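Novice: sequence and predicted structure below; questions after.
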Amino acid sequence: MAEPRPLRVGDALKKKLAKLGLHTEADLLLHLPLRYEDETRITPVGRAWGGVALQVEVVVLDNEVQFRPRRQMIVKASDGTGEITLRFFSFYPNQQAALATGARVRAFGEVRGGFFGLEMVHPRFRVVSEDEPLPTEMTPIYPSTAGLANSALQKLINRALADAPLEDTLPDGLRQSLKLPGFARSLRYLHQPPAGADVAPLESRQHPAWQRMKFDEVLAQQLSLRRAYLARREQGAPVLVARDDLGARLLDSLPFGLTGAQLRAMAEIAADLAQPYPMHRLLQGDVGAGKTIVAALAACQAISAGWQVAFMAPTEILAEQHYLKLSAWLEPLGVKVAWLSGSLKSKTKREQLAAAAADAQLVVGTHALIQDGVDFARLGLSIVDEQHRFGVAQRLALRKKGSNPHQLMMSATPIPRTLAMSYYADLDVTVLDELPPGRTPIKTRLVADTRRDDVVDFVKKQVEEGRQAYWVCPLIEESEALQLQTAEDTFTQLSADLPALTVGLVHGRMKADEKQATMAAFAAGEIDVLVATTVIEVGVDVPNASLMVIEHAERFGLSQLHQLRGRVGRGQYESSCVLIYAGPLGEVARQRLKIIFENTDGFEIARQDLQLRGPGEFVGARQSGVPLLRYADLELDAGLVEQARGVAETLLKDHPEAAERHLQRWLGSREELLKS
Ligand code: ADP
Ligand code: MG
């Protein structure tokens, strides 16, 4: 790739521009205005009225600094049609000098009808001579940072507009078929709209020139992801073709048959694993859809091809549960399973490490799997459960434990389609869109905390019927100590409320073996009610538990609530989720509870969540450093994403140089960050 054109400015300015994310000349060009001010016209003071931003040209009649009720400079001025006061609460001596009696100034600002007549507070102003020509363009107002004047930015950008090559990276025919205006024309129009232009569609970003910019931005992202996708296909990977009937024997041993969706997913994954390039597939399915067995079958294929499988989960509890389940399934079939977690005693850990480096066929674990010192003999497939809980770097670290192993990622936090297409476009996605049969839908109830006693009675009834319940204690994000205290208080309170029942407690600060013992007791039915923090949020699977109570539900995020609710409704019993809330509710909290109450489909919840929160938090982009789209909005501009995807493919195939220039312009040095 050619070097991007650098900024031609001094070091101090360079630092300020860097704060705005502006590193190259192209960055500067693509720094687009937020809004515009019309300094192309002058309004006579006599015709100005309150509430409107406009420009007047006046001569200063009097300039006075007052100290009561607070320090301020009051400038009285007139243009012959009326008088106006310019009021400044902070000002420099040179400004005071400039606004001396007799000075002619153009002031731009919102006019207010004050007690003493019209006034402008802190107008932008410029001292002018008589007959100074008016600008012929609207004044763009740019996002800026402290110490960087709008006029300075404007000057830099105008210089770049005059000097930089603004060639169109879309071939004409393609551009016309997309009904998009030219790049140079659009860019100039946005930075320098002519006098009289209607700025409303510019400010709302609906103008065709804006459409072009948004399209280009989304296209750059698609190009980058598509290129990563193609590059992956150039890498060699182990060809995993089953050499025995391990998978079939696992299927035979199950007490259930696979759903159609599971069979389809299995077939897709099986085909990928047999390719000579690494699989990079996301298996997406709502909580309870049955992803684990699909992963286990993929593992069987790799194992029977003579390779090792790593299976990583984000929490100790979940990893342990997977270990128990997978070894129960696979050890009877002769598969050697190892287990790695941070809390293993050193002797056991040494044994498990040795196994991973030698003859273990499946290694299950937490983040412990990606630590230094963990070596695999022949890693052919890495499986990451609840992949959104891991950062890009961690997923990459697991892949690095082998040489281009295949990768299967799983997530129960469904990613809305537009997000999947933009942030995960170099992934292949398989969706489990069918729940195993016999599940009864979960009833969700919203209960005010004044009726907590009723909920306690309900728990009692459920247990009398032979079921078990989770009771999730209030989330205290600010303080771990307080969270711990809350968990213990809830446990004490509930034990007192339910003297005849066995109440257990599990939280994040417990030692791993204590946690383990508690979870095992709950799974075995020895605990009736499990008080828990969100450590049980993901993956935990105890089919006999049919009731989920969440206290202070208004403090939880939507995906958390959906995940927690997904802990029940896993067996044949009718299940319910009781959300206890404490009023008064804020607007967002109310909306969240409404969404979770009205929807059971994880995709729909995720879609609404995206609307409520924006994409940043969704993909964990803030942690991973993936730059978010600056201009396009994934929900509002979903159509553009679809289009750009196709165009990216065409461009890479038929116009690789244009694709290169486009990437350079829009991503410059940032492209590396997008790769995952
Ligand atoms: P998730 O997709 O949330 O990870 P799990 O893999 O934990 O779901 O599966 C949820 C429960 O459903 C488990 O108890 C699992 O054994 C069971 N299960 C999976 N597939 C089927 C099926 N086809 N029929 C019946 N039960 C199934
Ligand atoms: Mg799971």
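Specialist: Nice, thanks for sending it over. Numbering: from 1, shown residues only. Ligands and ions are numbered 1, 2, ... in the order given.

Novice: what's near enough to touch the residue lying closest to residue 379 once chain neighbours are set aside?
Specialist: Nearest in space to residue 379, with sequence neighbours left out and distances taken as Cβ to Cβ, 6 or more residues apart in numbering, is residue 402 at 2.9 Å. Yep, even glycine has a C-beta here, placed from its N, CA and C like the rest. Residues touching residue 402, when contacts are defined by Cβ atoms under 8 Å, 6 or more residues apart in numbering, comprise 308, 310, 376, 378-380, 382.

Novice: go on, residue 191?
Specialist: By Cβ under 8 Å, 6+ apart, residue 191 lies in contact with 32-33, 140, 157-158, 161.

Novice: could you check how far it is from ligand 1?
Specialist: Using Cβ to the nearest ligand atom, to the nearest Å, we find residue 191 at a distance of 50 Å from ligand 1.

Novice: and for residue 346?
Specialist: Using Cβ to the nearest ligand atom, which is the criterion applied here, residue 346 is 31 Å from ligand 1.

Novice: tally of neighbours for that residue?
Specialist: Residue 346 is surrounded by 7 other residues when neighbours are defined as other Cβ atoms under 10 Å.

Novice: and the pLDDT for it?
Specialist: Turning to residue 346, the model gives it a pLDDT of 90.

Novice: gap between whichever residue of the stretch 401-550 of the chain sits closest to ligand 1 and residue 395?
Specialist: For the stretch 401-550 of the chain, the residue positioned closest to ligand 1 under Cβ to the nearest ligand atom is residue 436, at a distance of 3.4 Å. Relative to residue 395, residue 436 is positioned 28 Å away (Cβ to Cβ, to the nearest Å).

Novice: who's in contact with the closest residue to ligand 1 within the stretch 551-676 of the chain?
Specialist: Evaluated by Cβ to the nearest ligand atom, the stretch 551-676 of the chain has residue 570 as its residue closest to ligand 1, separated by 5.2 Å. Residue 570 makes contacts with 288, 439, 541-543, 545, as judged by Cβ under 8 Å, 6+ apart.

Novice: again, 10 Å this time
Specialist: With contact taken as Cβ atoms under 10 Å, 6 or more residues apart in numbering, residue 570 is in contact with 287-288, 435-436, 439, 442, 540-546.

Novice: give me the buried subset of the residues you listed.
Specialist: Among the contacts of residue 570, those classed as buried by neighbour count (16 or more other Cβ atoms under 10 Å) are 287-288, 435-436, 442, 540-542, 544-546.

Novice: and the least confident of the residues you listed?
Specialist: The member of the buried ones among the contacts of residue 570 with the lowest pLDDT is residue 540, at 77.

Novice: find the nearest non-adjacent residue to that one, please.
Specialist: residue 567 (5.6 Å).

Novice: does that neighbour sit in a helix, a strand or a coil?
Specialist: Secondary structure, DSSP: H, G, I helix; E, B strand; the rest coil: residue 567 is coil.

Novice: residue 363 now?
Specialist: Three states are possible here, and by three-state DSSP the one that applies to residue 363 is strand.

Novice: for the record, mean pLDDT for the longest helix anywhere in the chain?
Specialist: Looking across the chain with DSSP state H, the single longest helix is helix 208-234. In this model, helix 208-234 has an average pLDDT of 90.

Novice: host element of residue 77?
Specialist: Residue 77 is located in strand 72-78, with elements delineated by DSSP states H and E.

Novice: for beta bridges, what are the partners of residue 471?
Specialist: With DSSP bridges as the criterion, the beta-bridge partners of residue 471 are residue 531, residue 549.

Novice: what residues does it make contact with?
Specialist: Taking Cβ under 10 Å, 6+ apart, we find residue 471 in contact with 455-456, 459, 490-491, 493-494, 498, 503-505, 529-532, 547-551, 578, 580.

Novice: which ones among these map onto strands?
Specialist: 503-505, 529-532, 547-550, 578, 580 (DSSP state E).

Novice: with distance to ligand 1 and pLDDT added, can I get those residues in a markdown table?
Specialist: What follows is the ones in strands among the contacts of residue 471, written out as a markdown table (distance: Cβ to the nearest ligand atom, whole Å; pLDDT from 0 to 100):
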| residue | distance to ligand 1 | pLDDT |
| --- | --- | --- |
| 503 | 24 | 97 |
| 504 | 20 | 96 |
| 505 | 23 | 95 |
| 529 | 21 | 97 |
| 530 | 17 | 96 |
| 531 | 22 | 96 |
| 532 | 17 | 93 |
| 547 | 17 | 96 |
| 548 | 14 | 96 |
| 549 | 20 | 97 |
| 550 | 18 | 96 |
| 578 | 21 | 97 |
| 580 | 24 | 96 |
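
Novice: identify all contacting residues around stretch 21-28.
Specialist: 3-9, 14, 16-18, 20, 29-31, 143, 145, 153, 156-157, 159-161, 163-166, 627, 630, 661, 664-670.

Novice: which among the residues you listed count as buried?
Specialist: If you count burial by 16+ other Cβ under 10 Å, the buried members of the contacts of stretch 21-28 come out as 4-5, 7, 9, 16-17, 20, 29-31, 153, 156-157, 160-161, 164, 166, 661, 664-668, 670.

Novice: list the contacts for residue 190?
Specialist: Shown in contact with residue 190 (Cβ under 10 Å, 6+ apart): 30, 32-33, 36, 140, 202, 205, 207, 209-210, 212-213.

Novice: near ligand 1, which of those show up?
Specialist: The overlap between those and the neighbourhood of ligand 1 (criterion: Cβ under 6 Å from any ligand atom) is empty.

Novice: spell out which parts of the stretch 551-676 of the chain neighbour ligand 1.
Specialist: Taking Cβ under 6 Å from any ligand atom, the part of the stretch 551-676 of the chain that reaches ligand 1 is made up of residue 570.

Novice: and the residue of the stretch 101-250 of the chain found nearest ligand 1, its phi and psi?
Specialist: Closest to ligand 1 within the stretch 101-250 of the chain is residue 250: 12.2 Å, counting by Cβ to the nearest ligand atom. Dihedral angles phi and psi of residue 250 (degrees, to the nearest 10) take the values phi -60, psi -50.

Novice: so it sits against residue 297, correct?
Specialist: Yes: judged on Cβ atoms under 10 Å, residue 250 makes contact with residue 297 at a distance of 6.5 Å.

Novice: okay, and the common contacts of these two?
Specialist: In terms of Cβ under 10 Å, 6+ apart, residue 250 and residue 297 are both contacted by the residues residue 329.

Novice: more neighbours: which of the two?
Specialist: Neighbour comparison, residue 250 and residue 297: the larger count goes to residue 297, with 22 against 19 (by other Cβ under 10 Å).

Novice: surely that one is in contact with residue 253?
Specialist: No: judged on Cβ under 10 Å, residue 297 makes no contact with residue 253 at a distance of 11.9 Å.

Novice: what do these two both touch?
Specialist: The contact lists of residue 297 and residue 253 share residue 329, where a contact means Cβ under 10 Å, 6+ apart.

Novice: run through the stretch 351-500 of the chain and note the low-pLDDT ranges.
Specialist: Counting by pLDDT under 70, the low-confidence segments of the stretch 351-500 of the chain come to 414-426.

Novice: enumerate the residues of it near ligand 1.
Specialist: Taking Cβ under 6 Å from any ligand atom as the criterion, the stretch 351-500 of the chain approaches ligand 1 at residues 412, 436.

Novice: change it to 8 Å
Specialist: Taking Cβ under 8 Å from any ligand atom, the part of the stretch 351-500 of the chain that reaches ligand 1 is made up of 385, 410, 412, 432, 436-438.

Novice: is the spatially closest residue to residue 387 that is not a sequence neighbour in a helix, a strand, or coil?
Specialist: Using Cβ to Cβ, 6+ apart and skipping residues adjacent in sequence, the residue nearest residue 387 is residue 409, 3.8 Å away. Following three-state DSSP, we place residue 409 in the strand state.

Novice: so where does the residue nearest to residue 373 when sequence neighbours are not counted fall, helix or strand?
Specialist: Once its chain neighbours are removed from consideration, residue 373 has its nearest residue in residue 353; the separation is 6.9 Å (Cβ to Cβ, 6+ apart). Secondary structure assigned from DSSP H and E places residue 353 in helix 346-357.
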